[in-house]
Structures are given as structure tokens and as C-alpha cells.
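Asker: What follows is a predicted structure for the sequence shown.
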Amino acid sequence: MRTVIALTEDVTGDAPLLDDLMPWSVAPLRLGRGWVMAPDAASLRARWDALVRAGDAGREALFGPTRARTPHSAVAQLPGQATGTGRIARETGRCPEPVRVLHGAFDEQWLIPDNRLIDAARPELWRVRDERQLFVVEQGHVPKASGPALVVSALLPDGRSPAGRPGRIRPLYRRPGAREPNVAPGLLDLLTDRYGTGVGAQELVCWALATAHVTSAGCVVPLPAEPAAWAAGVELGRRALRIQLRGAHGGERPRLPGGRRPYVRAALPARPVGLAYDAAEEALTVGDSGRVAPVPRGAWDFEAGGVRVLEQWFARRTAAGEPGSLEAVRPAAWPQEWTSELLELITVLALLAELEPERERLAEGKRIGAAELRAAGVLPPPGAARRPASVLDHAEEGPEGQFALL
């Protein structure tokens, strides 16, 4: 899906960056080994069991050592995760309970939340992860690519771009319990005065969802000068947010109107190979015989980072993995839950595609430029706003069971 929002050069040049409006950001997770994440939790448990059953030499090879992690690395627990802290070389226990995460822009997968297995797990994200947190994920800059500039998730995101060009992860709140918004000090008060209505951190995120675009300089968020434009953008962004959250935070799961909802018209094969789209029939062909319809063209064409989302989602579930590696441990047949996830993903993409014409209209009008924000003392944000808050209010276990000192 290709969307080009027309912006005048002066508006684009003076529009503030998301990096200044939401100053604290974290780099994407760096797994170091692909086998710790999978589209299904059962495969992760089977991979763990194969690892701990292997002898010393076999365990080393299966693990996939890097400079950051080997089976002999001594590291602390991830915050909030009850995993072991002994060296993986001596591990004999059960697999830590996998957690649901967002992989890339729209792919919900599972991850073994064990710091011993992940090169850079970003503990600062795990410390603020709770049932009220939202993560704003920038999509990396890909020249001439289409797709959303931002994705918002209640799940912990890995921050990877479908095209392999990572952006940044910005928690909405700097502390658990939805405390201390990750917003430049003074910005929300300034916007409240300007628009004559209360502006909170979530309203700012909704506006950014509706209007942000990616440039070589970063993610740009043009702020409107008129209250009516702000209200329209926030409402549009709120609709996009509800769709992207997929029922999290007490919302309803996204649904298309009756008659337009995708259904399985022909059962998907046990091991489907290939995904194709029949535009005339608005149907998705999965393998040789599987068929899903109706699938709107907007859902099929939807891209993130210049990559078609549905095609990449399918490819991640049908890749064989290198023989003998832990990544080769995969379901023997296509699980039923993947079909349900496919139907929901089609729905999410179709609904988001329907919002694009309204997003284009929001590109017009006068703006509050970065110069005005600097004159008001909002920009640049103070250095402390770019660093994580101290949120250690409980014991975190360090390497080999020691107390973690921060």
C-alpha cells in the first residue's frame, strides 16, 4: 500500500521530530539467535528441551555463541521474569514460559524471556512493561517505501523493521502504572492552552499515529495550529490505535462489517507453500488448495518498511530453518491458531487501509513549528528526559542468583 502525504517544504523542514516530542527511546532488541523467537510457543519449548538434552559440545553448537552471549555467560534476570540465572551450560530445568511480543510492525510472535539467551534484551523496557504501558515503535527510514511511520503496541516490541532497518522504541510512560509520560516537559501544557482542551500523552500518540511520516532525518510529527484539525487528527489516530491494539487495554478486537469479514472458504493444507492474491475474486490462496475470502485489496497491498505485510507474515511461518539447527524445530503441520491469526491480521490491515484517505487530508493547514516550541522553552528537552527513570522498586536477581545492583 503506497501513501504519499503532500507537505510543503517549509512545513516539513520546521516540523518537530518525534525524538524531541517523546525524548526517551530505546534501541530495538538484538536477539543474537533466531531460535529464541517463534510464531508458536510449543516450538520454543521443544527447542529448549533439545538444547538442555544436548551434551556439552552439542549444546554449544545449538546455542549459537556470539560475543555477547555464550552458554557460559553469567547475566542477570530480565525484570519481571522468573528465569534462572545460572549458566546455560549447566541448565537442566524447564523452558521459561514464553511471552507474546510484537515482531516487526504487525507480526505477533512468542519469545523465551531469558536474558541468558538474548544478546541485548533491553532490560529498561521490561522494567516499565505492564498492563497499562504502550510502546510506540518507529519504522526505520527506507527510501521511497510506503507504509506507516509508527506502530503502537501493548505487547513488548522487538523494534525490528520488516525491511531489516530498525527504528526506535518509545514507551509512552517512563514508569510502571502509567506514571510520568514520556513527553517533552511543558509540551502537553502548551498544547492544552493552544487547543482549549485537555491534551494527555495518549492524545499526542493518537495524533502522531494519524500524521507522522518518516524522513531521512527521522520521524516527523507536524503539529496543527488549529483546534479543529487537532480534534480530527486525534479521533482518527484513536481509531487506528484501537485497531492496532487488537483488544488490549480492555478494547474490542477489530472486526469488519458483516459480509466483508474474511473466512476460510477452503481448508488450508497441512504444509502450505506459496501465498497468492486473486484481485478479481478478492481471495487469498494459501498453498495449492487453501482459500480465504473476502480479502480487500487494501489488506493485500498493505506494506510496512516497503515490504508487503501478509507475504512476510506467511514467509516467517513456512521457512524451514537450517537442518540440525534449533530453528528447524517447527510445527509438523499448520496450526489452527495460525489460521485465526491470519484472519485477524487481514482484518487489521483492511481497517487501517481504510483510514488512509483521511490521513492524507490531515496534511493540510497551518502548523506549530519547532521554532515556536523552542521559543516556548519546550525544545530542546532536558537531557534527563532522554534517559530512563529509576524504577527499581523490587529485587532483581543478578548472575548466579546474586542480587542485582543498579
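Answerer: Done, it's in.
Asker: got the domain boundaries for the chain?
Answerer: Each domain of the chain is listed here as a residue range: 32-100+111-121, 263-319+333-358, per automatic domain parsing.
Asker: Out of those, flag the one nearest R238.
Answerer: Proximity to R238, assessed across those by C-beta to C-beta, is greatest for domain 263-319+333-358 (10.9 Å). Bear in mind the C-beta positions are built from the backbone N, C-alpha and C, glycine included.
Asker: Pipe the domains of the chain into JSON lines and attach mean pLDDT per row.
Answerer: What follows is the domains of the chain, written out as JSON lines (pLDDT from 0 to 100):
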{"stretch": "domain 32-100+111-121", "mean pLDDT": "96"}
{"stretch": "domain 263-319+333-358", "mean pLDDT": "96"}
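Asker: For P222, which of those domains is the nearest?
Answerer: P222 sits nearest to domain 263-319+333-358 of all those, at 15.2 Å, using C-beta to C-beta.
Asker: ok, back up a step: what would the domains of the chain look like in JSON lines with distance to D14 and mean neighbour count?
Answerer: Putting the domains of the chain into JSON lines (distance: least, C-beta to C-beta, whole Å; neighbours: other C-beta atoms under 10 Å) gives the following:
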{"stretch": "domain 32-100+111-121", "distance to D14": "35", "mean neighbour count": "18"}
{"stretch": "domain 263-319+333-358", "distance to D14": "24", "mean neighbour count": "17"}
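Asker: P16: which of the ones you listed is closest?
Answerer: Across those, the minimum distance to P16, taken as C-beta to C-beta, is reached by domain 263-319+333-358, at 22.1 Å.
Asker: Quick check: end-to-end length of the closest one?
Answerer: Distance across domain 263-319+333-358, first residue to last, is 28 Å (C-alpha to C-alpha, to the nearest Å).
Asker: before we move on, what about stretch 132-150?
Answerer: The straight-line separation of the ends of stretch 132-150 (C-alpha to C-alpha) is 19 Å.
Asker: who's in contact with L187?
Answerer: For L187, the contacting residues are 21, 204, 373, 378, taking C-beta atoms under 8 Å, 6 or more residues apart in numbering as the criterion.
Asker: can you give me the helices for the chain?
Answerer: Counting by DSSP state H, the chain forms helices over residues 9-14, 18-21, 41-53, 56-63, 123-128, 187-195, 201-211, 227-245, 297-301, 309-318, 336-354, 356-361, 370-375, given from the N-terminal end onward.
Asker: list the helices and strands the third one packs on?
Answerer: Counting by 3 or more C-beta pairs under 8 Å, 6 or more residues apart in numbering; DSSP states H and E, the packing neighbours recorded for helix 41-53 are strand 37-38, helix 56-63, strand 107-111.
Asker: Report all helices and strands that the first one contacts.
Answerer: Contacts defined by 3+ C-beta pairs under 8 Å, 6+ apart place strand 37-38 against helix 41-53, strand 107-111.
Asker: How about the longest one?
Answerer: Counting contacts by 3+ C-beta pairs under 8 Å, 6+ apart, helix 56-63 packs against helix 41-53.
Asker: which residues are contacting the helix it packs on?
Answerer: Around helix 41-53, the neighbours that count as contacts under C-beta under 8 Å, 6+ apart are 35-38, 59, 62-63, 88, 91-96, 98, 110-112, 326-327, 329-331.
Asker: Ignoring the adjacent residues along the chain, who's closest to the most centrally placed residue in the chain?
Answerer: The geometric centre of the chain, computed from its C-alpha atoms, lies nearest to P157 (C-alpha atoms, centre = their mean), at 4.0 Å. The spatially closest residue to P157, leaving aside those adjacent along the chain, is L102, at 4.2 Å (C-beta to C-beta, 6 or more residues apart in numbering).
Asker: Tell me the pLDDT of the one you found.
Answerer: You'll see L102 listed with a pLDDT of 97.
Asker: Help me confirm that it comes into contact with I169.
Answerer: No: judged on C-beta atoms under 8 Å, L102 makes no contact with I169 at a distance of 9.9 Å.
Asker: list the residues that contact both of the two?
Answerer: Common neighbours of L102 and I169 (C-beta under 8 Å, 6+ apart) are 135, 137, 157.
Asker: which residues sit in contact with the second one?
Answerer: I take that to be V137. When the contact criterion is C-beta under 8 Å, 6+ apart, the partners of V137 are 102, 105, 150-153, 157, 159, 167-170.
Asker: make it 7 Å
Answerer: Under the criterion of C-beta atoms under 7 Å, 6 or more residues apart in numbering, the contact list for V137 reads 150-151, 153, 157, 159, 167, 169.
Asker: Look up how far P227 lies from the residue nearest to P380 when sequence neighbours are not counted.
Answerer: By the measure of C-beta to C-beta, 6+ apart, the closest residue to P380 outside its immediate chain neighbours is D20, 6.4 Å from it. According to C-beta to C-beta, to the nearest Å, D20 and P227 sit 22 Å apart.
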